[in-house]
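J.: build me a model from this:
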Amino acid sequence: MKINKNLVFFIKSFFIYLCSICLIIKADGQFKIDVEKEIDQLDYRDLKNWAAHPDKKDVSDSSNLFHELNGKIKAHVFFIHPTTYTGKIKNDKWNADIDDETLNNKTDMSSILYQSTAFRNRTIIFAPRYRQAHIDAFYISKDISDPYFELAYQDIRTSFEEYLLNYNNGYPIIIASHSQGTKHAGRLLKEFFEYKPLKEKLVCAYIIGMPIPSNYFSDLKPCEQKEQTGCFVGWRTYKKGYVPDEVKNENFKCVVVNPLSWNIDSVKVNKKENEGGVLMNFSKKVPYVVDAEIHDNILWSCKPDVPGKFFFTKKNFHIGDINLFYGSIFKNVGTRLKAFLKED
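T.: Residues are numbered from 1 along each chain as shown. Model (predicted):
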């Protein structure tokens, strides 16, 4: 039987990306870290400790059909990448080495290239490297895993303080994250933005790929309209009709915002409203790739509309939380930024 080349490319794309980004994150306690521990701080004045930074050439500078990289920068994106430390744990080392070149390259060529750039609409990306916790830390006792996540968060906190001190210069801020990155972004938002003057600079927080309990924030509110600013959005994507056991066992209400309509109602939005996905071919737009519908605590979408989709059997679309809605995210960043700047 002759195999469609587009099918092969699509399947390989998802499996390669699967190796780069964790698939399933349990909800219990993901936003509860209270461990106090003295931690050696990384030096974020050193550009090698940034995966993306305007003072260095990096993959977030790559262009595709969506980007206008020559436009004037109007805002900064502080992007926190997901778990890419997924290999075998060696010497009981539960946190990634910041100088692991192989892992850093994996992070850059997956999350930084394919995720952070979705937010690059008249913006520039700041994305710190950090001593991320290993993927297995999500599946062990919280008492054991807390110090690993604490170390990771302290790196994020230190890098953000360096950003505010030496790089922000009054620019509006977009916080963007996925998966483990969202775990840390939630805490960062509570510490630096809630009831703080910095909230006035927040265009939007796109905190994606993790459950966000509806009572987690007290000051920051979910975005209910596509032009709303100073708010946050989030979702977890699964195939329509599928609810994983860990979601069934959640005993709290989550915030879910539809990335095609940018509101919180349960109305299904047709895939014709999807501005296009970006999969493994970074320079190619995949039009009308999925629809979107909020179902309780998660986002449902159809099977990705690509050649050979019959052979795609995954029901958990975690790896595509951003990529399946890439064009819509890119457009929405521009919409919110325009509203924030009160541009006509």
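
J.: dihedrals phi and psi, Ser63?
T.: Backbone torsions for Ser63, taken as degrees, to the nearest 10, come to phi -110, psi 150.

J.: residues contacting the nearest residue to it once chain neighbours are set aside?
T.: In this structure, Ser63 finds its nearest non-sequential neighbour in Leu69, 5.2 Å apart by CB to CB, 6 or more residues apart in numbering. Placement of C-beta: from N, CA and C, glycine included. Contacts for Leu69 (CB atoms under 8 Å, 6 or more residues apart in numbering) come out as Asp61, Ser63, Arg120.

J.: same check, this time on Ala176
T.: Neighbouring residues of Ala176 by CB under 8 Å, 6+ apart: Val77, Phe78, Phe79, Ile80, Ser116, Phe119, Ala185, Ala205, Tyr206, Ile207, Ile208.

J.: which residue ranges form the helices in the stretch 101-250 of the chain?
T.: According to DSSP state H, counting those that start in this stretch, the stretch 101-250 of the chain carries its helices in the segments 101-107, 113-114, 142-166, 180-192, 245-248.

J.: in CSV, list the ones you listed along with mean neighbour count and distance to Asn215.
T.: As requested, the helices of the stretch 101-250 of the chain are exported to CSV (neighbours: other CB atoms under 10 Å; distance: least, CB to CB, whole Å):
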stretch, mean neighbour count, distance to Asn215
helix 101-107, 16, 32
helix 113-114, 22, 32
helix 142-166, 18, 19
helix 180-192, 23, 12
helix 245-248, 12, 18
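
J.: rebuild those helices as JSON lines, extending it with mean pLDDT and distance to Asp43.
T.: Listed next are the helices of the stretch 101-250 of the chain as JSON lines, based on pLDDT from 0 to 100; distance: least, CB to CB, whole Å:
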{"stretch": "helix 101-107", "mean pLDDT": "98", "distance to Asp43": "16"}
{"stretch": "helix 113-114", "mean pLDDT": "98", "distance to Asp43": "25"}
{"stretch": "helix 142-166", "mean pLDDT": "98", "distance to Asp43": "9"}
{"stretch": "helix 180-192", "mean pLDDT": "98", "distance to Asp43": "19"}
{"stretch": "helix 245-248", "mean pLDDT": "96", "distance to Asp43": "38"}
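
J.: and Leu279, which of the ones you listed is closest to it?
T.: helix 113-114 (8.1 Å; CB to CB).

J.: about what we covered before: okay, the helices of the stretch 101-250 of the chain in a markdown table with distance to Ser266 next?
T.: Formatted as a markdown table, the entries for the helices of the stretch 101-250 of the chain read as follows, by distance: least, CB to CB, whole Å:
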| stretch | distance to Ser266 |
| --- | --- |
| helix 101-107 | 35 |
| helix 113-114 | 29 |
| helix 142-166 | 32 |
| helix 180-192 | 22 |
| helix 245-248 | 16 |
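
J.: for the ones you listed, which one sits closest to Val289?
T.: When those are compared (using CB to CB), the closest one is helix 113-114, at 13.7 Å.

J.: out of the contacts of Ala176, which are inside strands?
T.: Assigned to strands by DSSP state E, the following of the contacts of Ala176 qualify: Val77, Phe78, Phe79, Ile80, Ala205, Tyr206, Ile207, Ile208.

J.: report the contact partners of the spatially closest residue to the fourth one that is not a sequence neighbour.
T.: In this structure, Ile80 finds its nearest non-sequential neighbour in Gly181, 3.4 Å apart by CB to CB, 6+ apart. Contacts for Gly181 were tallied using CB under 8 Å, 6+ apart; they are Phe79, Ile80, His81, Pro82, Gly209.

J.: great, nothing more from me.
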